[in-house]
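K.L.:
prediction below, plus the sequence it came from.
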Amino acid sequence: MLVFVPPWVAHRTGKSRKTPIYSLHVHPGGQRLATAGLVNIKIWNMDPIRSQAAEISDTTPKLLSTFSIHDGAILCVRWSPDGEYLASGSEDAKVVVWKLDGSKLRNMGFGDSGAAKNVESYRVVKILPGHESDVADLAWSSDRAYLASCGFDRKIVIWDGSSFEQVKRIDCHAGFVKGVTWDPAGKYLATQASKPRLSPKPSQTYVHSKEADTITSFWAVFERIVLPLLAPNTRAQSDDRSIKVFRTSDWEVETSITEPLASGASSSFFTRLSWGPDGSAIVATNGESGSVCVAPLIQRQEWKSDAFLVGHKAAVEVASFNPKLFRVGNLEQLTGSAVSICATGSQDNGIAIWSTAYPRALVNISELVEHSILDLSWTPDGYGLLGCSYDGMVVYVSFDAQELGETLAEQEIDKALSRFGKRGTRHANLVPESPMQLDLETQAKSASGSRIAALMGVDDAAFARAATAHAAGSTPAAAAASAVAAAADRTNGVGHAEMQGVEKTSLQSALAAAAASQTPAPTPAATQTVSVTKDGKKRIKPVFIQSTDDGAGNPFASPSVASAPTPATAAAFVQGTGASNGTPAGASATPIPAGGIPAFSIYAAGAESSGGQASTGAEVQPAAPASTLPPTKYVLPLVNTFEALPMLGVPEVRDVVHVEIAEPGTGARVGLECRNEKSASRLCLTRDQEQLWMLQLRSPVLLSTITPIFVAVACADASLHLFSFSGRRLLPSLTLASATSFLSGRDSSLLCIDGTGQMFVWNVAEQRQILGNVSVAPILQTDDGVEDVDVTITRVVFKPDGVPILTTSKDRSFTFHADMRVWVELANTGIRTSGFGTVPGRPGQQRRFPTTEMLEDMLVSAVAAASPHEYRHWLRQYAHKLVEENAVTKAKELCDELTGTGIGPAGKSAPWVPQVLGLPKRELFKELLPVLAQNRLFQRILTAAQAAPDQPAPMDL
């Protein structure tokens, strides 16, 4: 065991004197420590605390950030379980939710030129004004579904963990609520109340600074004079020294515990209780048994305290369970249960470490600080403990496996919590109807991370590698963006930066790169507006600088389902239902009225004079025979206002156009240099220093591209020329309607967009057209459907079939559906919450828990983008979501689609296809079985799907 008190971890006043640290919490990633002080919050680097080499290193920052918008002392800080948010509670009665801000512009406040710059900056996500007095403690539920806060107003407020809207406000205590903790199984919430004691005990004479002495005197006067003058019902708060356990199903009181708390000390700052990681017990604070200060151990179910943690000489302020379960020697096998570790901090200035394996404290650390221990926090690995005290000091205690034991896998904790029924398992009370269901449940419970990786194969491995890169400090999207952008420089030539970035890649890397570069083209630097008043003084109008964090991921997030690197994948088109004469009953088809639907001529209707957009006010009544039904009225349709031939910019003629690639196999640099003259161009192809061929064209070259199969150049006279590596012309000169605006190639595919906005894709090797005369005008639209000259194509990626994926400066990605002859938009993972739903396809806060609709968008987008890896990944996440949502109907449809046992989304008119993107559907279904079997509502669906024949009979067309 090692004990270290870092002197540089402190909150100081303007005179560099230490002030109290009321709370601290280690980030779930283990690399950050948040501390709460008198006036601000500080984020510290954990590396210098754990390592002496990092502490003395000049290149390792110790303090990462300092920030606050609170108007009083910050009494509590807590990271969310996934590390995305930091919640803080203060004397100003507010709870503030913070998030890392990727913008470097916020790293130093206005007027802080003399202060140390922040290495990181944090922004306010939301301010939660639900309390009327000091917020004493905070706690996130283990699944981040809720955030609970409690305070001196006797209230407990439950907040939604994603939208941060108030869910419930509980007023059941008669005293100050100074501690809150969640049941890790998600079924209960426990709070502890106590008599307020806001100043140190009179017997303690420690004074850490004049400022702190002034604050202490203020609270002493408040307690002695102000409190007795309050209303009688307020004075009765001192009578409530109890723990209340609330059910999360209806937020009603399950039980109230008073012993041995009724005789507890009345001098505690906080009563921060803790719930064990296996859900079996609560360690409370501020208990007293026979005039001895104890920490009561409250057993689940009976809700009684038959055991105490005895060893402190003064009131216990805080208890904190280790997040891990341990195995100590053979004890775990002998007792049949894992070992839990708990730490307690007291007003005797000491910290004690307790283990369920021993009747006495493992360690009792004293005399390290000079005042009460106010908060404790374990490191995520379970072998480190940090504590803070009222004298402004932080203590770090390091353990090893020989002292605490070996940590057990997370599956052991899940197994222990399954005894109590975890949140989201509302189907657990259902009776299994077959041995197969039990076998599948056993298989699902025993599945480990390695087994899931084996099921997912290379797909999850790729996601794990990307998540590792994400945790290392650079997002996979950024890495992919850099690689693709570098390739674009070599492919498209210097000076054509706006359209660079084409590279052969799967949807995983390609659209991740697109997501990283989906910001609009660089905007000019913001300029200040200066005005001169009548008296000659200058006035500068401030310029608002937008934060760049909304689209950024969470660099602290541990690899998880929600924080896996997610490409921008998912189609936003609606699959309609066709109808014709003889449509079956029940089909959602609108009958065509008698007389038919009228046709209009836009010239006769006067649309030409209205700028190309037809009016919607002119009603037209088609001729129709007499009928008992009211006639259908028709109006001119509202159409997008883009022209058939939009004008796109083409590159100016440059003196030299150069592009090069690495030759496959040899790695040699193959480059094409085009030297333009007044009315001609000389082309020279080289391999390293060797010249392969040279020729001359009669028009200057605007763009060029090279693939291992061909060389293509586009000239100013709207001609396009194709050559082999040996200089042999592959085709006669191609003549286009306009000069080329963009040119790119990959393998045997060549993409060309001319100045009229027409896109062509050819297979050069086979000399055939993949796409032709496809206008890009529909994708160059603003959100309101109006063509915008500021919308540009910023990224192009080829799918395996040669069809491109285009990303615009509006953060929208499109691909062309060749069979349906229409552009389809791929959903963006950046979404903005809106009420009860989400708005897909727009940059905003990225939720860590995707909705069912978002996952469905991801699935259809993976199909549209021809990416089997992403389809497999999102299919598994979709199955987990169906289990969580108890979506029986959707689960049945999914199983029918994968096994061919029923009517899939396409209906009876389409035969069952045994593969999707080259993946056997039945194999995918077998992979999903352990996941879907976790919900017993699905057991009949799974039984029927497994009983389906291997080769289902084709449906009648």
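P.N.:
Looks like it came in fine.
K.L.:
show me where pLDDT drops low in the stretch 51-200 of the chain?
P.N.:
For the stretch 51-200 of the chain, the stretches with pLDDT under 70 are 103-116, 195-200.
K.L.:
go again using 80 as the cut-off
P.N.:
Residues of the stretch 51-200 of the chain meeting the criterion pLDDT under 80: 102-117, 195-200.
K.L.:
please apply the same query to the stretch 401-550 of the chain.
P.N.:
In the stretch 401-550 of the chain, residues with pLDDT under 80: 420-550.
K.L.:
again, but for the stretch 601-750 of the chain
P.N.:
Low-confidence segments of the stretch 601-750 of the chain, defined by pLDDT under 80: 601-648.
K.L.:
try 90
P.N.:
Judged by pLDDT under 90, the stretch 601-750 of the chain has its weakly predicted residues at 601-654, 660-668, 677-679, 687-691, 708, 725-727, 736-749.
K.L.:
for it, which segments count as strands?
P.N.:
For the stretch 601-750 of the chain, strands defined by DSSP state E, counting those that start in this stretch occupy the ranges 619-620, 634-635, 656-662, 669-676, 681-687, 690-697, 701-706, 711-715, 719-723, 734-735, 740-746, 749-754.
K.L.:
now swap in the stretch 301-450 of the chain and tell me
P.N.:
Under DSSP E, counting those that start in this stretch, the stretch 301-450 of the chain gives strands at 305-310, 316-321, 326-327, 341-346, 351-355, 363-365, 373-378, 384-389, 394-398, 406-407.
K.L.:
the stretch 851-957 of the chain: helices as residue ranges?
P.N.:
Counting by DSSP state H, counting those that start in this stretch, the stretch 851-957 of the chain has helices at residues 852-864, 868-885, 888-899, 921-932, 939-946.
K.L.:
what is the mean pLDDT for the third one?
P.N.:
Along helix 888-899, the predicted local confidence has a mean pLDDT of 89.
K.L.:
equivalent analysis for the last one, please.
P.N.:
Along helix 939-946, the predicted confidence averages to a pLDDT of 87.
K.L.:
buried set for that helix?
P.N.:
For helix 939-946, a neighbour-count test (16 or more other Cβ atoms under 10 Å) marks 939, 941, 942, 945 as buried. Using the backbone N, CA and C atoms, a C-beta is placed for each residue, glycine as well.
K.L.:
now do the contacts for residue 294.
P.N.:
260, 287, 288, 308, 309, 310, 312, 316 (Cβ atoms under 8 Å, 6 or more residues apart in numbering).
K.L.:
hmm, back to that, for residue 58, which of the strands of the stretch 601-750 of the chain is the nearest?
P.N.:
Proximity to residue 58 (Cβ to Cβ) singles out strand 656-662 among these, at 39.5 Å.
K.L.:
if we can go back for a sec, what's the most distant pair in the buried residues of helix 939-946?
P.N.:
By the measure Cβ to Cβ, 939 and 945 form the most distant pair in these, at 10.7 Å.
K.L.:
re earlier: distance to residue 405 for the buried residues of helix 939-946 - can I get that in a markdown table?
P.N.:
Listed next are the buried residues of helix 939-946 as a markdown table, based on distance: Cβ to Cβ, whole Å:
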| residue | distance to residue 405 |
| --- | --- |
| 939 | 39 |
| 941 | 43 |
| 942 | 40 |
| 945 | 44 |
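K.L.:
of those, which is the nearest to residue 162?
P.N.:
Of all these, residue 162 sits closest to residue 941, with 29.2 Å by Cβ to Cβ.
K.L.:
pretty sure that closest one is touching residue 891, no?
P.N.:
Yes: the criterion here is Cβ atoms under 8 Å, and residue 941 meets it with residue 891 at 5.8 Å.
K.L.:
before we move on, back to that, which of the strands of the stretch 301-450 of the chain sits closest to residue 671?
P.N.:
strand 384-389 (54.6 Å).
K.L.:
quick one: work out the angle between the closest one and strand 394-398.
P.N.:
Using axes from the mean of the first three to the mean of the last three Cα atoms, to 10 degrees, the direction of strand 384-389 lies 160 degrees away from that of strand 394-398.
K.L.:
neighbouring contacts of strand 384-389?
P.N.:
Contact with strand 384-389 is made by 20-24, 26, 33, 35, 49-50, 320, 343, 345, 349, 351, 353, 369-379, 394-399, as judged by Cβ under 8 Å, 6+ apart.
K.L.:
residue 5 is nearest to which of the helices of the stretch 851-957 of the chain?
P.N.:
Residue 5 lies closest to helix 868-885 among the helices of the stretch 851-957 of the chain, at 44.3 Å (Cβ to Cβ).
K.L.:
what sits against residue 769?
P.N.:
Residue 769 touches 760, 761, 762, 763, counting by Cβ under 8 Å, 6+ apart.
K.L.:
name the helix or strand for it, please.
P.N.:
Using DSSP states H and E, residue 769 sits in strand 768-775.
K.L.:
could you check the angle the very next helix or strand once past that strand makes with strand 740-746?
P.N.:
Next in sequence after strand 768-775, counting helices and strands by DSSP H and E, comes strand 793-798. With the same axes, to 10 degrees defining the directions, strand 793-798 sits at 30 degrees from strand 740-746.
K.L.:
quick check: closest non-adjacent residue to residue 944.
P.N.:
Spatial nearest neighbour of residue 944, chain neighbours left out: residue 901 (6.1 Å); criterion: Cβ to Cβ, 6 or more residues apart in numbering.
K.L.:
burial count for the one you found?
P.N.:
By the criterion of other Cβ atoms under 10 Å, residue 901 has 20 neighbours.
K.L.:
for it, list the residues it contacts.
P.N.:
895, 944, 945, 948, 952.
K.L.:
now, among those residues, which is nearest to residue 13?
P.N.:
Distance to residue 13 across the contacts of residue 901 (Cβ to Cβ) is lowest for residue 895, with 64.8 Å.
K.L.:
what's near enough to touch the closest one?
P.N.:
By Cβ under 8 Å, 6+ apart, the contact list for residue 895 reads 901, 902, 925, 932, 941, 942, 944, 945.
K.L.:
what do you get for residue 925?
P.N.:
895, 898, 899, 945.
K.L.:
distance of it from residue 862?
P.N.:
Separation of residue 925 from residue 862 (Cβ to Cβ, to the nearest Å): 17 Å.
K.L.:
what does residue 309 give?
P.N.:
Distance of residue 309 to residue 862, given as Cβ to Cβ: 53 Å.
K.L.:
those two - which one has more neighbours?
P.N.:
Neighbour count, other Cβ under 10 Å: between residue 309 and residue 862, residue 862 has more, with 27 against 22.
K.L.:
pretty sure the more buried one sits against residue 870.
P.N.:
Yes: proximity of residue 862 to residue 870 meets the contact threshold set by Cβ under 8 Å, at 4.2 Å.
K.L.:
where does residue 149 sit: helix, strand or coil?
P.N.:
Using DSSP: H, G, I helix; E, B strand; the rest coil, the structure places residue 149 in strand.
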